[in-house]
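Participant: Okay, sequence plus prediction incoming.
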2 protein chains.
Amino acid sequence: MTTQRPSSFLESEIREQPEVLDRLLQSETERVFELAQSLRNKGEDAGDRPYCFDYVVLAARGSSDNAARYAQYLFGYHNRLPVSLATASLLTMYERPPRLARALVIGISQSGQSPDIVGVLAEARRQGQATIAITNDPQSPLASAAEHLIPLGAGPEKSIAATKTYTLSLGALALLSAALENDRDRLNELHKLPVIMERTFPPILAELHRVERYRYMSHCVVIGRGFNYATAFEVALKIKELTRTITEPYSSADFHHGPIAMVHRGFPIMLVAPSGAVIDDIRQLVVTLKRLEAELLTISDDADLLADANLAFPIPEGLPEWLTPLVTVIPGQFFAMALAQARGLNADHPQGLKKVTETM
Amino acid sequence: MTTQRPSSFLESEIREQPEVLDRLLQSETERVFELAQSLRNKGEDAGDRPYCFDYVVLAARGSSDNAARYAQYLFGYHNRLPVSLATASLLTMYERPPRLARALVIGISQSGQSPDIVGVLAEARRQGQATIAITNDPQSPLASAAEHLIPLGAGPEKSIAATKTYTLSLGALALLSAALENDRDRLNELHKLPVIMERTFPPILAELHRVERYRYMSHCVVIGRGFNYATAFEVALKIKELTRTITEPYSSADFHHGPIAMVHRGFPIMLVAPSGAVIDDIRQLVVTLKRLEAELLTISDDADLLADANLAFPIPEGLPEWLTPLVTVIPGQFFAMALAQARGLNADHPQGLKKVTETM
């Protein structure tokens, strides 16, 4: 399958992900470890407060905002840092920047152009706080606004829907998290990931012909939790952008708080369910969803969950949970691409969208 | 209309909102101002850091999580505090509580029962941080876990869909924000609100017969921004819970980043658009949406926006922007109720939902 010519820039860029992640890790690992070293608290209270900041503020939009959701769990779990997703409009629409004492402020943007994200970083730097830009354009306003830069080095992303810059943003955040802890074991796990990502392709590609089943699907829901809450948002966004399907992301916890009332026979629900701390929660939800006769599309390494699915996307077993979002998103990207194709839509240039969206 | 017997507990509880808000303000104002006094930084660095905390962490689920979204803008704009919405599952599913140095941690829960929210507050208190519970049950585990309590005093909420406890949670947060600044002008604005809320009812009730137009609507989108980003989420949740319609909330900024690709002729979009800093942004979006021939349902005090709508819900003019979410949600609540009625659904007991959802 891999020698077949890609049908679109989108498909090429999805397939490039292992290679560009490997390149990012090769070129940026040592620099990010040095950056993390400079952010450590060297004072007497370093036991309770290991960094020169107490919490993290992330500024991002669109797919990058979904990468920020990953960072909430990543920095929360591994670095025990509270993470706030910035409400950039407070700065741009309301002109009321927050006081950012002891915050690390990270801006994520493929293009590095969005004025609201640049504004948050510039304000944080003005207040003397630590700032990092994660962007695919090292010459962009975002890169200039921040004190530190992690360049994604994805090469041009020609498809309007972000794919490789999304997984690279996750990779950059994962690298930063490991570096802040100076954790070489986690770094080794991360360095093994490109090979594992490559291995996910054949079983997904083998199932893609079945996506035609969803040709006339008008809506769907994507559910993930914990580290993969971000994946649910990102896959839902790809499906919306590429296929014009009404698609809503949920955590399995929130889905019980109201939205489950929508589910009826045949209601399509995609589950992002790799093995890990939250898989039992998804399993319990599946019991209810099967009783309601929902249609299940499942991304998992768990044989039982895959067996219960109407469409199953298997992923490799044994992945460290913190890295699963870099793998689980891939079937979702391919699914959205294949559904766009089944509907005769242009996968590279969805109607009504631009690559760079400048929000104030 | 107001003397007519309510059709359901839901309708009674929607109509009770001005009265219970007034009661909350009468009984809690001075206590909350004293609580705020105790949270002020009395040290030498009080100019830069006015409180004994640097940022706020909010723990909540469902409608209460939408109240927390309001708090992001409220505390961000008026108190210049960064706000983080807690990822409670880090504590309950992953058993990795964050380090909460210099955080104020607020738990919001109607029932005060959800173990994950209680867990976040208990952990924060264990770490010696300031904690506040906002709940309708002063005997609940959440009330016990927190050092401070703001009881909502809504009386029993019999409908499964939260309405009065939602607006009261906003009211409690608004009171706390004004109290932290010791701002008696804002307090006066808040105290005038129950009368204004009451005035919103007649024009909404006069339009409710037209909700039949949406009897066969399968999906919709609700858009708000800034302070009313929360309203978009809460109205979308009511529509989902009560009417089983696929309904997705967006900020007008994020809607441009992909989801606008879904919009076609007749696509129903509810706009939460009171006058304020973000209304121009909504106006610009309306130009695009009209070109796409979307169906517009508009909650606003702006004559032009109302004139452009297919269904217009006028709200009183001259509201202070920070308080608009307590008013704009009311037409959304009535809309969801009327649509449930038009579909012959039980508005008090939506299928598949429980009043108290205990998430881990």
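Facilitator: Received, thanks. Residues are numbered from 1 along each chain as shown, chains lettered A, B, ... in the order given.
Participant: in chain A, which spans are helices?
Facilitator: A:9-15, A:17-38, A:63-79, A:89-92, A:115-126, A:141-145, A:164-181, A:184-191, A:193-207, A:229-243, A:252-256, A:279-291, A:303-307, A:325-342 (DSSP state H).
Participant: Tabulate these in CSV, adding columns for distance to B:Tyr77 and mean pLDDT.
Facilitator: From N, CA and C alone the C-beta is placed, and that goes for glycine too. Shown next, in CSV, are the helices of chain A (distance: least, CB to CB, whole Å; pLDDT from 0 to 100):
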stretch, distance to B:Tyr77, mean pLDDT
helix A:9-15, 39, 97
helix A:17-38, 32, 98
helix A:63-79, 20, 96
helix A:89-92, 6, 81
helix A:115-126, 14, 94
helix A:141-145, 22, 98
helix A:164-181, 28, 98
helix A:184-191, 38, 98
helix A:193-207, 41, 96
helix A:229-243, 25, 96
helix A:252-256, 26, 83
helix A:279-291, 35, 95
helix A:303-307, 44, 97
helix A:325-342, 32, 98
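Participant: could the ones you listed go into TSV alongside mean neighbour count?
Facilitator: Output for those, formatted as TSV (neighbours: other CB atoms under 10 Å in any protein chain shown):
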stretch	mean neighbour count
helix A:9-15	22
helix A:17-38	18
helix A:63-79	25
helix A:89-92	23
helix A:115-126	22
helix A:141-145	21
helix A:164-181	26
helix A:184-191	16
helix A:193-207	17
helix A:229-243	28
helix A:252-256	23
helix A:279-291	17
helix A:303-307	14
helix A:325-342	26
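Participant: Nearest to B:Ala179, out of those?
Facilitator: Across the helices of chain A, B:Ala179 has its closest neighbour in helix A:89-92 (20.4 Å, CB to CB).
Participant: what's in contact with that closest one?
Facilitator: A:96-98, A:115-116, A:119-120, A:123, A:359-360, B:73, B:76-77, B:225-226, B:251, B:253, B:278 (CB atoms under 8 Å, 6 or more residues apart in numbering or on different chains).
Participant: likewise stretch A:293-308?
Facilitator: Under CB under 8 Å, 6+ apart, the answer for stretch A:293-308 is A:220, A:263-275, A:279, A:282-283, A:286, A:289-290, A:309-319, A:328, A:331-332, A:335.
Participant: Need the distance between the two termini of that stretch.
Facilitator: Taking CA to CA, to the nearest Å, the first and last residues of stretch A:293-308 lie 11 Å apart.
Participant: rewinding a little: sort out for me which of the contacts of stretch A:293-308 are in strands.
Facilitator: A:Cys220, A:Pro268, A:Ile269, A:Met270, A:Leu271, A:Val272, A:Leu311, A:Ala312, A:Phe313, A:Pro314 (DSSP state E).
Participant: Touching, A:His317 and A:Ser275? I think so.
Facilitator: I think there's a mix-up here, since residue A:317 is Glu and not His. Yes: assessed by CB atoms under 8 Å, A:Glu317 is found in contact with A:Ser275 at 7.3 Å.
Participant: out of the two, which sits in the more crowded spot?
Facilitator: A:Ser275 (16 against 11; other CB atoms under 10 Å in any protein chain shown).
Participant: what's that one in contact with, if anything?
Facilitator: When contacts are taken as CB under 8 Å, 6+ apart, A:Ser275 is in contact with A:Ser300, A:Asp301, A:Asp302, A:Glu317, A:Leu319, A:Glu321.
Participant: isn't the fifth one right up against A:Phe227?
Facilitator: No: distance between A:Leu319 and A:Phe227: 10.6 Å, which falls outside the contact criterion (CB under 8 Å).
Participant: who has more neighbours, those two?
Facilitator: Counted by other CB under 10 Å, A:Leu319 and A:Phe227 do not tie: A:Phe227 has more neighbours, with 30 against 22.
Participant: And for the more buried one, nearest residue in space, chain neighbours not counted?
Facilitator: Nearest residue to A:Phe227, sequence neighbours excluded (CB to CB, 6 or more residues apart in numbering or on different chains): A:Tyr73, at 4.7 Å.
Participant: Same question for A:Tyr77.
Facilitator: With CB to CB, 6+ apart, the residue lying closest to A:Tyr77 is B:Arg96, at 4.8 Å.
Participant: Likewise for A:Gln72?
Facilitator: A:Val83 (4.4 Å).
Participant: The one you found: how many residues sit nearby?
Facilitator: Counted with other CB under 10 Å, A:Val83 comes out at 26.
Participant: do you know how far it is from B:Ser12?
Facilitator: 40 Å (CB to CB, to the nearest Å).
Participant: do the same with A:Gln26
Facilitator: Counting by CB to CB, the gap from A:Gln26 to B:Ser12 is 65 Å.
Participant: give the contact list for A:Ile223.
Facilitator: Here A:Ile223 is in contact with A:Ala232, A:Pro249, A:Tyr250, A:Ser251, A:Ser252, A:Phe255, A:Ile269, A:Met270, A:Leu271, A:Val272, A:Ile282, A:Leu285 (criterion: CB under 8 Å, 6+ apart).
Participant: swap in A:Ser12?
Facilitator: Residues in contact with A:Ser12 (CB under 8 Å, 6+ apart) are A:Pro6.
Participant: again with A:Ile330
Facilitator: A:Ile14, A:Gln17, A:Thr167, A:Met197, A:Thr200, A:Phe201, A:Ile204, A:Ile315.
Participant: would you list those in a markdown table and tack on distance to B:Ser89?
Facilitator: Putting those into a markdown table (distance: CB to CB, whole Å) gives the following:
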| residue | distance to B:Ser89 |
| --- | --- |
| A:Ile14 | 29 |
| A:Gln17 | 27 |
| A:Thr167 | 23 |
| A:Met197 | 25 |
| A:Thr200 | 25 |
| A:Phe201 | 30 |
| A:Ile204 | 27 |
| A:Ile315 | 21 |
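Participant: Using TSV, lay out these together with distance to chain B.
Facilitator: Formatted as TSV, those follow (distance: CB to the nearest CB, whole Å):
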residue	distance to chain B
A:Ile14	17
A:Gln17	19
A:Thr167	17
A:Met197	24
A:Thr200	24
A:Phe201	25
A:Ile204	22
A:Ile315	20
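Participant: Nearest to B:His191 among those residues?
Facilitator: A:Thr167 (51.4 Å).
Participant: Tell me the spacing between the residue sitting nearest the centre point of chain A and chain B.
Facilitator: Nearest to the mean C-alpha position of chain A, counting by CA atoms, centre = their mean, stands A:Ala67 at 3.8 Å. Distance from A:Ala67 to chain B, counting by CB to the nearest CB, to the nearest Å: 13 Å.
Participant: Now that residue: closest residue in space that isn't a chain neighbour?
Facilitator: Here the residue nearest A:Ala67, using CB to CB, 6+ apart, is A:Ser169, at 3.9 Å.
Participant: Give me the pLDDT value at the residue lying closest to A:Gln351 once chain neighbours are set aside.
Facilitator: Of all residues not flanking A:Gln351 in the chain, B:Ala261 sits nearest, at 5.9 Å (CB to CB, 6+ apart). Each residue has a pLDDT score; the one for B:Ala261 is 80.
Participant: OK, contacts around B:Ala261?
Facilitator: A:Lys240, A:Glu241, A:Leu242, A:Arg244, A:Pro350, A:Gln351, A:Gly352, A:Leu353.
Participant: same thing but at 10 Å, please
Facilitator: A:160-161, A:240-245, A:345, A:350-353 (CB atoms under 10 Å, 6 or more residues apart in numbering or on different chains).
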